[in-house]
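Undergrad: Pasting a predicted model and its sequence here:
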Amino acid sequence: MSIQPLHDRIVVKAAEKEQVTASGILLPDSAQEKPQRGEVLAVGPGKRLDSGALAPVGINPGDFVLYGKYGGTEVKVDGEDYIILRADDVLAIVAN
């Protein structure tokens, strides 16, 4: 991957949209919800504090995270869709 996030940003590969409900009903594209979960692919070095110190990001590549439905910026690189989020936009790290 050729994206290196800056500051406290992270790059996330969103999970696939669910095309079938839990009860087995097929959902058309218009009814599918935007995913709110994904795998962290890259993490920036951290946020620069007022004191000049660097506060590291508490998220690591390979973590699965939950984020807000409309959080982040969607980008397309080499035909793949990614989301760039601030570390503050991450709601939780999901344990596998």
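TA: All right, it came through fine.
Undergrad: in stretch 78-96, what's buried?
TA: Within stretch 78-96, the residues that count as buried by 16 or more other Cβ atoms under 10 Å are 82-87, 89-90. Where C-beta positions appear, they are placed from N, C-alpha and C, glycine not excepted.
Undergrad: Please apply the same query to stretch 3-12.
TA: Going by neighbour count (16+ other Cβ under 10 Å), the buried part of stretch 3-12 is 5, 8-12.
Undergrad: Most widely separated two among the residues you listed?
TA: Farthest pair in these (Cβ to Cβ) is 8 and 12. Separation: 13.6 Å.
Undergrad: tell me the phi and psi of the residue of the chain most remote from its centre?
TA: The C-alpha centroid of the chain is most remote from residue 51, which lies 28.5 Å away (Cα atoms, centre = their mean). Dihedral pair for residue 51: phi -80, psi -10, per degrees, to the nearest 10.
Undergrad: got any ranges where the protein has weak pLDDT?
TA: Where the chain drops to pLDDT under 70, the residues are 1, 16-35, 96.
Undergrad: which residues in it form strands?
TA: Counting by DSSP state E, the chain has these strands, from start to end: 9-14, 37-43, 47-48, 54-55, 64-67, 73-77, 80-86, 90-94.
Undergrad: The residue lying closest to residue 92 once chain neighbours are set aside and residue 58: what is the separation?
TA: Using Cβ to Cβ, 6 or more residues apart in numbering and skipping residues adjacent in sequence, the residue nearest residue 92 is residue 66, 4.6 Å away. Distance, residue 66 to residue 58, using Cβ to Cβ, to the nearest Å: 14 Å.
Undergrad: check contacts around the residue lying closest to residue 84 once chain neighbours are set aside.
TA: Leaving aside its chain neighbours, residue 84 sits nearest to residue 73 (5.0 Å; criterion: Cβ to Cβ, 6+ apart). Going by Cβ atoms under 8 Å, 6 or more residues apart in numbering, residue 73 touches 83-85.
Undergrad: dump the residue contacts of the residue farthest from the centre of the chain.
TA: Residue 51 neighbours (Cβ under 8 Å, 6+ apart): none.
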